[in-house]
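Quick one, fold the following:
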Amino acid sequence: MGFWYALIGIAAVIALFPYIRCFFKRLKCAHKIKKLCHTKEYKTYPTHPLWFLGNKHAKKCDLYIETANEVFAVKLFGMPRRLSILILKENGDYFIRSYIALISYGGGIRFPINGKPKPMPVYDFRYKYRDEWEIKTPRRVLLVNPVSMEFKRQPHHGGEVTVGAGEIVNGMEIDSLPRLLGDLESAL
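Down below sits the predicted model:
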């Protein structure tokens, strides 16, 4: 009987590994943001107690970072599996492309599998927004953390275009953690 419990435990750990990875990446993300904001004397305003666990389905932004001239409204968007691609469509939908590897004698092949297109929630980047921030430049940031292998944009006419970190898609600045930290480091 103990064998079956061990086998079930191992299977559960394997199935939950992407989410465990996501949790620890988010802890690291929160630590890096707080550390930079402390050294640069920026103010952070979480919109809920466990802001670093914000998910892509919640419509409210997770964190505000106030610099001297800007207010970064940050919404977290997690990609539990590193070897996947986030594809943002022009009509406001998104889907995740994963890969299955088939290994045979003499080599291997990766087959892409597109997830079901889902509508991107309309995020509220003004949730708990303060009146004194109205004079500062707002920045609507979709922070993809943990980050996927790549971001792409799919225009109406077909094809796919690689999205660079910091590019504006559907009214949001798509950022990875290093890009956001770089923007905060250079903010005035």
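
For the residue positioned nearest the centre of the chain, give me its contacts.
What sits nearest the mean C-alpha location of the chain, by Cα atoms, centre = their mean, is V144, with 1.7 Å. V144 is in contact with 77-79, 86, 151, 174-176, counting by Cβ atoms under 8 Å, 6 or more residues apart in numbering. In this view, the C-beta of every residue, glycine as well, is placed from N, C-alpha and C.

Now with 6 Å, please.
77, 176 (Cβ atoms under 6 Å, 6 or more residues apart in numbering).

again, but for M79
With contact taken as Cβ under 6 Å, 6+ apart, M79 is in contact with 146, 148.

Please give me every residue in contact with the nearest residue to R97 once chain neighbours are set aside.
Nearest residue to R97, sequence neighbours excluded (Cβ to Cβ, 6 or more residues apart in numbering): I85, at 4.3 Å. Counting by Cβ under 6 Å, 6+ apart, I85 makes contact with 97, 148-150.

if I look at I85, how far off is R179?
Counting by Cβ to Cβ, to the nearest Å, the gap from I85 to R179 is 17 Å.

swap in K75?
15 Å.

Neighbour count: the two, which is higher?
Ranked by neighbour count (other Cβ atoms under 10 Å), K75 and R179 place K75 first, with 25 against 19.

Packing partners of the helix or strand where that one lies?
Element membership of K75 [criterion: DSSP states H and E] is strand 70-77. Other helices and strands packing on strand 70-77, by 3 or more Cβ pairs under 6 Å, 6 or more residues apart in numbering; DSSP states H and E, are strand 63-66, strand 137-144.
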